[in-house]
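Undergrad: No letters, just coordinates:
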Ligand SMILES: Cc1ncc(C[n+]2csc(CCOP(=O)(O)OP(=O)(O)O)c2C)c(N)n1
Ligand SMILES: [Mg+2]
């Protein structure tokens with residue numbers, strides 16, 4: 001199915017939905033109903049949602065560990081996502097492990113990430129090569145952070161993507177940090193400039209401006225689908241919370257954290273909608289509906305059951 005162009009309100013709805021889902025997950029962890037292992041995505045919703053919404057349902061998504069907004073934007077069932085974190089039979093993997101690495105929905109092109117960061121870059125190149133060889137018209141989008149962009153796997157994937165004009169969009173979410181390492185310490189030059197060396201376009205966007213992200217992603221997706229090859233999008237984002245759920249974030253001082261808070265894409269997009277004349281009551285309705293959707297998904301997910309030992313031997317291809 002080909003999507004009609006998205007409006008800012010549609011993109012905001014999914015950003016808010018992803019944030020509401022994440023808050024509900026953190027509550028499940030607080031209540032000891034799900035294992036407490038998570039990397040909050042607050043601050044990256046603008047990029048993850050707007051870029052993913054430029055894809056069609058049949059396109060491939062390789063997400064990363066930061067948040068779930070890209071997975072929500074691809075349309076994965078919210079109750080099944082809770083089931084994956086709880087580790088029950090309602091999850092997309094029907095109880096095979098709990099957590100972010102394991103959400104998969106082949107019917108929506110959601111093929112996961114990798115056991116280690118950066119592994120998804122080479123898997124993405126493989127997925128893009130497969131659709132090129134099959135002439136399926138599918139595009140692959142691969143998300144990763146500034147830290148993972150410095151792995152050797154990025155060079156391998158970007159090099160073949162450039163050489164073979166693979167239908168691939170790399171989305172580097174540069175939030176300025178890899179755990180406690182600032183990007184100035186880990187990286188010489190700009191990520192976007194690397195594109196020249198791989199023979200593909202590079203574009204830098206403000207991750208808190210979803211329309212700018214959506215337009216850049218749409219251009220990249222169209223190029224890929226038309227056989228013109230890959231693109232690198234570098235989105236400047238912020239990490240509003242610690243690296244993982246429970247990280248005291250002590251390596252960033254108050255001033256740095258306050259600066260990041262100014263880049264909250266949800267706050268900025270809501271303000272942008274209001275300034276464009278969207279009635280506040282309409283935004284409130286969208287938010288209320290999203291909260292109700294998350295509540296219903298949580299209630300459904302909690303009716304799931306732990307898988308039996310026989311589940312261990314299913315889906316094994318070795
Ligand atoms: C190959 C590998 N090395 C280290 C880790 C541990 N690790 C998990 S997240 C992370 C930081 C990643 O930083 P970045 O790519 O910038 O993403 P962010 O967390 O900022 O979203 C690290 C080092 C890992 N999962 N895989
Ligand atoms: Mg980072």
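TA: Thanks, I have it. On a predicted model such as this, the values are computed, not experimentally measured, just so you know. Residues are numbered from 1 along each chain as shown. Ligands and ions are numbered 1, 2, ... in the order given.
Undergrad: Now do the residue in the chain that ligand 2 sits nearest to against residue 79, distance only.
TA: Per CB to the ion, residue 145 is where the chain lies closest to ligand 2, at 3.5 Å. C-beta here means a position set from N, CA and C on the backbone, and glycine is covered the same way. In this view, residue 145 and residue 79 are 28 Å apart by CB to CB, to the nearest Å.
Undergrad: next one: residue 297
TA: Residue 297 is 4 Å from residue 79, where distance means CB to CB.
Undergrad: How about residue 15?
TA: For residue 15 relative to residue 79 (CB to CB), the value is 20 Å.
Undergrad: do residue 295 as well
TA: Look at residue 295 and residue 79: by CB to CB, they are 11 Å apart.
Undergrad: Between those two, which has more neighbouring residues?
TA: A count of neighbours by other CB atoms under 10 Å puts residue 79 above the other of residue 295 and residue 79, at 20 against 12.
Undergrad: Tell me the secondary structure at the more buried one.
TA: helix (DSSP: H, G, I helix; E, B strand; the rest coil).
Undergrad: For it, give me its contacts.
TA: 90, 296, 297, 298, 300, 301 (CB atoms under 8 Å, 6 or more residues apart in numbering).
Undergrad: does the last one really touch residue 82, like I thought?
TA: When you say that, I think you mean residue 301. Yes - counting by CB atoms under 8 Å, residue 82 is a contact partner of residue 301 at 3.4 Å.
Undergrad: what sits in contact with each of these two?
TA: Common neighbours of residue 301 and residue 82 (CB under 8 Å, 6+ apart) are residue 90.
Undergrad: Mind listing what's buried along the lowest-mean-pLDDT helix or strand in the chain?
TA: When each helix and strand of the chain is scored by mean pLDDT, DSSP states H and E, helix 254-261 comes last, with a mean of 90. The neighbour-count check on helix 254-261 (16 or more other CB atoms under 10 Å) flags residue 260 as buried.
Undergrad: Just give the nearest non-adjacent residue to the residue of the chain closest to ligand 2, would you?
TA: Excluding the flanking residues, the one nearest residue 145 by CB to CB, 6 or more residues apart in numbering is residue 173, at 5.2 Å.
Undergrad: Next: residue 101.
TA: Leaving aside its sequence neighbours, residue 101 sits nearest to residue 113 (CB to CB, 6+ apart; 5.9 Å).
Undergrad: Report pLDDT for that neighbour.
TA: pLDDT, residue 113: 86.
Undergrad: same question, residue 116
TA: Reading off the model, residue 116 has pLDDT 90.
Undergrad: Give the burial count for it, as a bare number.
TA: 11.
Undergrad: Relative to ligand 1, how far out is it?
TA: Plainly put, residue 116 is 4 Å away from ligand 1 if you go by CB to the nearest ligand atom, to the nearest Å.
Undergrad: before we move on, back to that, drop anything exposed from the contacts of residue 79.
TA: 90, 297, 298, 300, 301.
Undergrad: helix/strand/coil for the closest residue to the third one other than its chain neighbours?
TA: Read it as residue 298. Nearest non-adjacent residue to residue 298, counting by CB to CB, 6+ apart: residue 24, 5.3 Å away. The local conformation at residue 24, judged by three-state DSSP, is helix.
Undergrad: count of residues packed around residue 24?
TA: 17.
Undergrad: pLDDT wise, what is it at?
TA: 98.
Undergrad: Ok, residue 135 next?
TA: pLDDT at residue 135 comes out at 98.
Undergrad: Helices along the stretch 201-318 of the chain, start to end?
TA: Assigned by DSSP state H, counting those that start in this stretch, the helices in the stretch 201-318 of the chain fall at 210-225, 254-261, 265-275, 280-301.
Undergrad: ranking those helices by burial, who's on top?
TA: helix 210-225 (a mean of 22; mean count of other CB atoms under 10 Å).
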